[in-house]
Structures are given as structure tokens and as C-alpha cells.
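In: heads up, no residue letters with this:
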């Protein structure tokens, strides 16, 4: 019962909180850049405005284009339900497998890339090809780094990995865990299209990735995509927090109070990570597009070293 | 120090040692490379101090401070001076591009792991189990030395190898005899000084420290 | 006894201090030669004292046995030749404007410290101290190689320091691993890297660790000994260094590094069986011979030609060490001495030729026989010695290695080596012929007279030999000729009879782990 409540609260928290996280990050950036900012709730107001508009699809696009936002949002919600963010006792724990989660995230990205291609415009195609290039390096890195963490647990179940980290907090400072943390942090940034890989706040740059793919979307479809992207960011940040700072997560035998505590801990951890990321973005410039594979190869190599270290130092 | 604290701390120091070594491959900015090298020297010092705390040996802890002082303080300082004098900030054209060399580093880690199996098998303690980490840094240092085309990058490659050898010495047997250790440190210091002077001469003779310019002597 | 063992190091350190305090002047120029003569005397005394059993000094830090004493003799002899030639060489360099007063002083300090480091290397009781001394030779000679500060000199110095330091770093890793195996085998901690103690406990050392350690040690010290595959620094460094330094580097430094390999081999043979080190050495030997044969074929520079010939001879020495029988080891040691003598004579002679013609290209030198008969004779005879022709000692030692090889079942390796040696001989002879015979090339002769006259005048102490008459011949003053003739004579005498050296050679061969 606790597990079910935990899982539902997790989904609700992610669904409601993600735009607020996006708003928080924009607000932090604005303040650091000396602007007043639009307020934390501004993404929600944007979403409401977009959702009220008339749905328009460009001439010549097919079902792929219309379906892509739904698939994207759907996959993110499923991931939000299974990943151990608030509790490790999700009733869908069997799905919370490392490979399943990675595949779900990849499915969302591929759907959006196909949606971008379906428009047949230059920008859509460019964005899709870049997204796939980034994805080709990001997905193996996620797999490898979580795999490195799973070696000592002996299971690829995310719940099991987090549970073991809760019980043995010293493992978090082991080199395996640190290398994997750095690798995962880099790919989280790449996957969610933040600086230095992509710039989320503009679609005026020629080297943009995410914004190029969704250039043709408008109205409710765009709202869905924006919402799903925000959820992706918070789910990935939450996963990062759960794997490397698993404090406060409700584990086996915990009551309702633990779930509430877990929600509070999740909000705090993700908000802290978001503020950190936003603050980092202020001081950084976007990488040139051809330097991005270098960055991602670096994180891939760190993940590989994490796997190696999990055997070296075993 | 109990095992439950000692092992994670030791592993942490080794992990940081490995990470800084590999990141040298990733950066092109020579100043950043020197900084990374300094951080690695500090890691090495910390590693030796952790070993000393575990064994309760004051001698080892002093050695750790000395090693850290030489490799995190003196040598980076020398290199920074050479860098200041030159004004060439970046590694322009490594023989293997950055993404490629990072992947090579991953392969080198596997090779180091395979090679060091007999060493780990002899005494499987937490410290010897970290020897593959040191050997990985050794191979990475050799790779930097072979593929980088700036004089300073080559010096850093050589020093990475030397750090790795020192780490191996402490991880396997808590160090070689004191006379040898002192002699080795002195030799390394002098070698870096010699290379620094040669860099200056190279700049005077060739107008730069790009090693691709060194092609007067060849058969 | 202690004094006798410290003397070789101390004398050169004192001489270095002397140069540091007084600078390089006519009065102090011979300081190095005096110190070298002292070293030679101490070495001979040590050889007499250590024929029966090894001696130690300074709390076991230094140890001398027959092998160390023999190597010390080689160091003393070659250092004496090089130091006798140094004053003349430097005077000529100063006269030609290549060297200033400060550079001359630095030359004095560094060469003396260099010889002291080599003496320390062969007297060290511990593998670790041996390593420190060998690495010190790299550092000390770096500026000697880059003496002239031209582009080529800087390039050669850079390659030399980087390649040798890296190679020797691998040897350090080998020492660290040996230390690990020794600690694990409960070798008493006082002598954990002492090679005599190690050899005593070698049977207990873990074979898995020692295999890696020995491979690294052979590769590392092999780098410094100029063995393939890490030989690339050698032709550049030997080609660019001042002639007496080239003589020292080629004549002894390579053998001192190889001495380390011999010490390692003794331990490896007990710990791993004779096969492991033998395989490594045979590979290194044949690779070195092949490299030098390939690169000598079209060599246009006579100093580099001599450098490649050093790689060849180190290859032969490595082959002899791989064979490892008593005859082979004695031949190896004789070869080291003979090569030291012959190669230093040739490098010293090539220094005079270089100063006279201003170029180290073979094509720039022609008709040397007509213009400087003594120099040409020394150069030609030295080459014949290097090619292993009788009566020089290299003939006897090469014959010894070949005979030992065939009887030890390494006939195929020896046969391959002989083919390569013949090839090397042919290419060296063709270069030599055009230098000694042939017509003097006009472009080489043009800037000649001024340089040579100055050189000879500067070299001769007042009131002695007169500058060469006629002006166009690079004739030798007698001070310059003495080391050449003495070296050749010694080499020839050794070829005829080893005389009092025989018991020392046999004792040293035993110390180097010769199997009966």
C-alpha cells in the first residue's frame, strides 16, 4: 500500500513540480544575470496559454508528427512512476530495470526526432540528426555508468541499487560511484539539452538541437512537449540524486510518514541540483557543436572507467 | 584506522588519481593540464598519508607530505613558470584527437588490468588491488608523451608516468628504501629542470615548442 | 679499502669542484685527466683486491666485486683517453668561436660529474642506487649533448632526455616490482634491493611478478644501453655531443647501462630459469643489429655512422650475454673493453675531422690520407678494429661470442647476427673509403686553413709542438695524437694477449652469472 501511494505521489510530484523546477532555474539565472525574472510559476502560465490555443499541424505532416508529443510525455510519465525517487517500493518495481528505463528514455527521444523529421523542413531534419548523434553517445554512457553501480549489488534493478546505497552510505564516496556520478551528470546535461551542450532558452542559434526539432509544433502539442521536457529534466536529476545521495528515500518497511519525508527530500534535492545547474549555466558558454562528441566521449570513458574500477577495486 | 574507513578512503584517493590522469587527455589548455597534474600530485600525497594512517607509520605520513609537496607544489610551479615564459597556451594538434584518445585510455585501462593480475594475486590486499589504477595512469602518461606535440605536454606525460610508478611503489610495499626514494625524487626534479631549460633553448632556436619542428636529425 | 672504493667517485667530484671554482684554463684543463688516471689506478687496485671475494664500503652502500672492478677499469681507461683529448678539443672550439668561457667551465664540471655518476653506478650495491646513478648520467649529459645550442643540438638533447628518462622510468617500475617481490619473499629489509642479497633469495621471488619486473628492467636499462626498440635517441645524441663526450657516452655509458642488465640477468636466471632473460636479450640483440644494418646502408654522416656502429656492438654484447656461458661472458666483457677503446679513438678522431672540415657529412671529407696521415691512419685503423679484424681485441671477443653461441645451441641467432655484421661492415667500409681516399672536395677545403691553424696553435701548450706547416693539412699535434695512438695500441695488445687481465675477466664472468 505504501508502495502504491509512494509511486502515485512520485508521478504527481514530477508532473506538477517539473514546470516549477524549470521556472526556478530560469528565475535563478535571471537573478544572477541581474534581471527581475518572470517568477517561478511562469512555465505553468506559458503551458496554460499554449494549451488554450487552436491545435495546428503543418501541411504535409502525418501521424508521426501528431503522435510524437504523446509518446514523449507517456514514456516520461512511466519512467517517473518506476524510478525510485520517493520510494523504492513502487508496485512497478519489476520494470524499474536499468535497461528498461534507458530504453524508455530513448524511445521518447526517438519519437521526437521522428516528429522533427516528419515536418520535412531543414531545421527539423538538422535538429533530429543532431539529437540522434548526441543520443548515440549518451545512451551507452547511461547504461555503463548505472551498470558500474550495479556490479557491487549484483542486480540491474534501480530499486535494489538505491536500497543498497541507503544501507551503506560510505559506498557513495567510492571511486566507482564518483566516476559514474560525473559521467551521469554530463549525460543528464546532454540529454536534457542544457548548456554547454544545447541552449534551452533560444531557438535563434544555428547550432541548437532540441529547439530545432520542435520548431514546427504549436499550441497544445508544444505545451505537451515543453511539459514532457521539464519532466525529463526533473526525473533525470531525481535519478542522479537517488543514486548518489539516497538519503530520505522510503525503503522496505517504511510507513506513510516516510513517503512524505521522501517527497520533501526529493523536492529539496532536485531543487538544489536545479539551482546548481542554473548557476553553472550562467558562467558557461555553449560548446561548439563539433566539440560536443569530445565531451560525451569523455563521459563515456569515465563510465567505462567506473565499470573497470568496479572490477579493479572489488 | 579501521578497515571500513580505510578502504573507501584509499579507493577514493585512487579514483581521484585515475580521474586526474585521464582528464589530462581531455584538456587542451596547457595551464589546465598543469593544474590537473598538481591535483594529481595532491591525490598521490593523500594516498600515501592514508596508507600511513592505516599502518600507523609516521615515516610514511611524512613521506606522503613530501611527495605531495614535490608533486603538487614544486613541479607544477616550475612548469607554470615555463608556461608563463612561452605564451603558448594550447595543445594544437595532437596526433590522436581528443575523443579518440579518451577511448584509447579506456582500452589502456583494460590492458593495465590484465597485466597487473599477477601483481594482485601475490598479496590481494585493498592496496595492491589498486595497482591497476596506477598502471593505467602509467600507460596514459606514455600515451600523452607519444601523441602530444607540445614540449610541456610531453613533460607532463613523463611526470604522469613517474607519479604512477611512485603510486605503485607505495601501494605494493609502502615505498622503496629511503635512499632510493630520495635519489629518485632528486633525479626527477633535476630532469624537469633540464627539460625546462631545454624548452627555453628550443624556443630560442625554433621560435616555439612545437615538437613537429624537431626534424633536423633523421635518417 | 673504503678509500679505494670512494676514490673513483670522489676524485671526479673534486675535479668537478675544481672546475667550478677555477674555471677552464690551461692550468686546470688537465685536472680531468689526472682524476681519470687516479680512477684507473684505484680500479686496478680494486681488481687485485676483489679477485677472491667482494668488498663493501659505507655501511653496505657500495660494493665492489670483479665485475664492478672490471667496469671501473673500462670507465677509467676511456675517461683517461677522453680527458687527454679534451683540452685540445675545447681549445679548438674556443678558437673557432663555438664555445665561450662559461661553456668551457660547464663542460669541465659536467664531464667530471658524469664520470663520477658512472663510477657510482658500477660501485652501487643496490639496484635502486644504480638506477639513481644511471638517471643522473642522463641529466648530466643533457647539456653536454646540447653544448652547441644549434637547432640540431637542442633537438638531440630534447630527444635524448625524453626517451632516456622514459626508458629509465620503466626500469624504475621494474625495480619497484622487484622490491615488492623481495618484500613478499621476506628478504631482510636492510638489503631489500641489494643485488647480492637479491641473488641469494632469487629462488623465493614470485615468478609472476618477476617476469614483469625483468621485462621492464631489460627494456628500461636497454634503452640507456642503446638497444632496439628504444634506440632512437642514440645517433642524435652521439652525433651532436662534443667528440670527447661522444667517446665517453659511446665507449662507457652504454656499457654501464648494460652492466645493469647483466646484474638483473643474474637474478632473473635464478628466479625464472635461464630461458626468459635469454629470449628477451636475443630479441633485443637481433633487433639492434637489424636496425643498425638498415640505417647504416645509406648513412651520409660519419658521426652518426659511428653511433649506429655502437648500436651494433651493444647488440653483439647483448647476444653474448644471452648465450651466457663462461666463454661468452668473458668475451662480452672483453668486447666491452675493446669497443670502449676503439670507439673512443674513433670519436676523438672524428672530432678532429669535424673541426678541420666544419662538417660531419662524409661527402665533405675527402683525401684525408693525403692531408693528415696520422689522423687518417688512426681513423682507418680504428674502423678496422671496430669491424672486428685482427689483431684488435674485438676480433678475439667476437670470435669468442660466435664460438660460444654455436656450442650453446643458439647457432641460428649467431648466424643471423654474422650476416648482419657483414652487411654493416660493408656499408661502413664504403663510407670510410670515400673519406680516407678519394679527392679532397673543394667546398670542404675552402674554410679550412684558418680553423685548423688556430685549432692546432690553441691546442699545443707553449713551447711544444708547432702548428702544422703548409696550412692546409689538418695535422695532429702530439697531445692530440697521444690518446688516439694509445687507445689503438691498447686495443691491439688486448687482441694479442689479455695478459694479467685474464684472471679478472674470468672472475668477472663468474660474477655476471656465467654458466659453466
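Out: Cool, the structure landed. Remember, it's a predicted structure, so these values are computed and weren't measured experimentally. Residues are numbered from 1 along each chain as shown, chains lettered A, B, ... in the order given.
In: low-confidence ranges, chain B, go.
Out: The model of chain B has pLDDT under 70 over residues B:1, B:87-88, B:92.
In: torsion angles phi and psi at the residue of it found nearest chain A?
Out: Relative to chain A, the nearest point of chain B is residue B:15 (2.1 Å; CB to the nearest CB). Just so you know, the C-beta spots here come from the backbone N, C-alpha and C atoms, and that holds for glycine as well. Phi and psi for residue B:15, reported as degrees, to the nearest 10, are phi -60, psi -40.
In: neighbours of residue 26, how many?
Out: In the absence of a named chain, chain A is used. If you count neighbours by other CB atoms under 10 Å in any protein chain shown, residue A:26 ends up with 20.
In: other chain: chain C
Out: So residue C:26, with other CB under 10 Å, has 11 neighbours.
In: the residue of chain B closest to chain A against residue A:182, yeah?
Out: No. Residue B:15 is beyond contact range of residue A:182, at 10.3 Å (criterion: CB atoms under 8 Å).
In: packing partners for the particular helix or strand that has residue B:39 in it?
Out: Using DSSP states H and E, the element containing residue B:39 is helix B:30-55. Helix B:30-55 sits against helix B:3-26, helix B:58-68, helix B:75-86, helix B:151-173, with contacts defined as 3 or more CB pairs under 8 Å, 6 or more residues apart in numbering or on different chains; DSSP states H and E.
In: ok, residue B:15 and residue A:182, which is more surrounded?
Out: Ranked by neighbour count (other CB under 10 Å), residue B:15 and residue A:182 place residue B:15 first, with 25 against 19.
In: give the rounded mean pLDDT of stretch C:212-231.
Out: Throughout stretch C:212-231, pLDDT has a mean value of 92.
In: buried sites along it?
Out: Neighbour-count burial for stretch C:212-231, counted by 16 or more other CB atoms under 10 Å in any protein chain shown, picks out C:212-228, C:230-231.
In: what pLDDT, on average, does stretch A:9-26 get?
Out: 93.
In: ditto for stretch C:477-491
Out: Stretch C:477-491 comes out at a mean pLDDT of 87.
In: how distant is it from the center of its chain?
Out: Remark: stretch C:477-491 is offset 18 Å from the chain centroid, using CA atoms, centre = their mean, to the nearest Å.
In: ok, now stretch A:159-176?
Out: For stretch A:159-176 - counting by CA atoms, centre = their mean - the centre lies 21 Å from the chain centre.
In: also stretch A:137-147?
Out: 14 Å.
In: does it reach chain B?
Out: No. Stretch A:137-147 lies out of reach of chain B by CB under 8 Å from any CB of the partner chain, never closer than 9.2 Å.
In: with adjacent residues omitted, what lies nearest to residue C:240?
Out: residue C:156 (3.9 Å; CB to CB, 6 or more residues apart in numbering or on different chains).
In: now residue B:216: phi and psi?
Out: Torsion angles, degrees, to the nearest 10, at residue B:216: phi -70, psi -30.
In: what strand or helix carries the residue nearest to it when sequence neighbours are not counted?
Out: In space, residue B:216 comes closest to residue C:152 once its chain neighbours are excluded; the distance is 4.8 Å by CB to CB, 6+ apart. Element membership of residue C:152, judged by DSSP H and E, is helix C:151-184.
In: residue B:94 and residue B:145 touch, don't they?
Out: No. When contacts are counted by CB under 8 Å, residue B:94 is not listed as touching residue B:145 (11.5 Å).
In: more neighbours, those two?
Out: residue B:145 (21 against 18).
In: so who does that one touch?
Out: Counting by CB atoms under 8 Å, 6 or more residues apart in numbering or on different chains, residue B:145 makes contact with B:154, B:157-158, B:161, C:162, C:166.
In: contact residues of the stretch 151-300 of chain A facing chain B?
Out: Taking CB under 8 Å from any CB as the contact definition, the stretch 151-300 of chain A meets chain B at A:170-171, A:173-176, A:178-179, A:182, A:293-294, A:297-298, A:300.
In: sorry, wrong one. I was asking about the stretch 301-450 of chain C.
Out: Residues of the stretch 301-450 of chain C lying near chain B (CB under 8 Å from any CB): residue C:304.
In: spatially nearest residue to the residue of the stretch 201-350 of chain C found nearest chain B (excluding sequence neighbours)?
Out: Across the stretch 201-350 of chain C, no residue is closer to chain B than residue C:208, which sits at 3.1 Å (CB to the nearest CB). Using CB to CB, 6+ apart and skipping the chain neighbours, the partner closest in space to residue C:208 is residue B:118 (3.1 Å).
In: what are the ranges of the strands in chain C?
Out: All strands of chain C, identified by DSSP state E, fall at C:55-57, C:62-64.
In: the helices in the stretch 201-350 of chain C, which residues?
Out: In the stretch 201-350 of chain C, helices defined by DSSP state H, counting those that start in this stretch lie at C:207-224, C:233-240, C:243-248, C:254-272, C:274-296, C:302-323, C:326-357, listed in chain order.
In: to clarify, my last question referred to the stretch 351-500 of chain C.
Out: C:368-371, C:373-386, C:393-407, C:411-436, C:442-445, C:448-459, C:478-496.
In: can I get the ones you listed in CSV with mean neighbour count?
Out: Below are those laid out as CSV (neighbours: other CB atoms under 10 Å in any protein chain shown):
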stretch, mean neighbour count
helix C:368-371, 20
helix C:373-386, 22
helix C:393-407, 22
helix C:411-436, 18
helix C:442-445, 14
helix C:448-459, 20
helix C:478-496, 20
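In: hang on, residue C:365 packs against residue C:353?
Out: Yes. If you go by CB under 8 Å, residue C:365 and residue C:353 touch, sitting 6.0 Å apart.
In: now do stretch C:37-57: distance to the chain's middle.
Out: The answer for stretch C:37-57 is 20 Å, by CA atoms, centre = their mean.
In: tell me if it is near chain B.
Out: No. Applying CB under 8 Å from any CB, one finds stretch C:37-57 out of contact with chain B, separated by at least 14.6 Å.
In: residues making contact with that stretch?
Out: C:1-2, C:4-8, C:11-12, C:62-66, C:68-70, C:72-73, C:75-77, C:79-80, C:115, C:119, C:125, C:196, C:503-504, C:507, C:511.
In: ok, of the residues you listed, which come out buried?
Out: C:4-8, C:11-12, C:62-66, C:68-70, C:72-73, C:75-77, C:79-80, C:115, C:119, C:125, C:196, C:504, C:507, C:511.
In: list, one by one, the residues from chain B near chain A.
Out: Taking CB under 8 Å from any CB as the test, the list of chain B residues beside chain A reads B:4-5, B:8, B:11-12, B:14-16, B:18-19, B:22-23, B:26, B:97-99, B:102-103, B:105-106, B:109-110, B:113, B:126, B:129-130, B:132-133, B:136.
In: apply 6 Å and report the result again.
Out: Selection of chain B residues close to chain A by CB under 6 Å from any CB of the partner chain yields B:8, B:11-12, B:15, B:26, B:98-99, B:102, B:105-106, B:109, B:129, B:132.
In: list the contacts of residue A:307.
Out: A:144, A:148 (CB atoms under 6 Å, 6 or more residues apart in numbering or on different chains).
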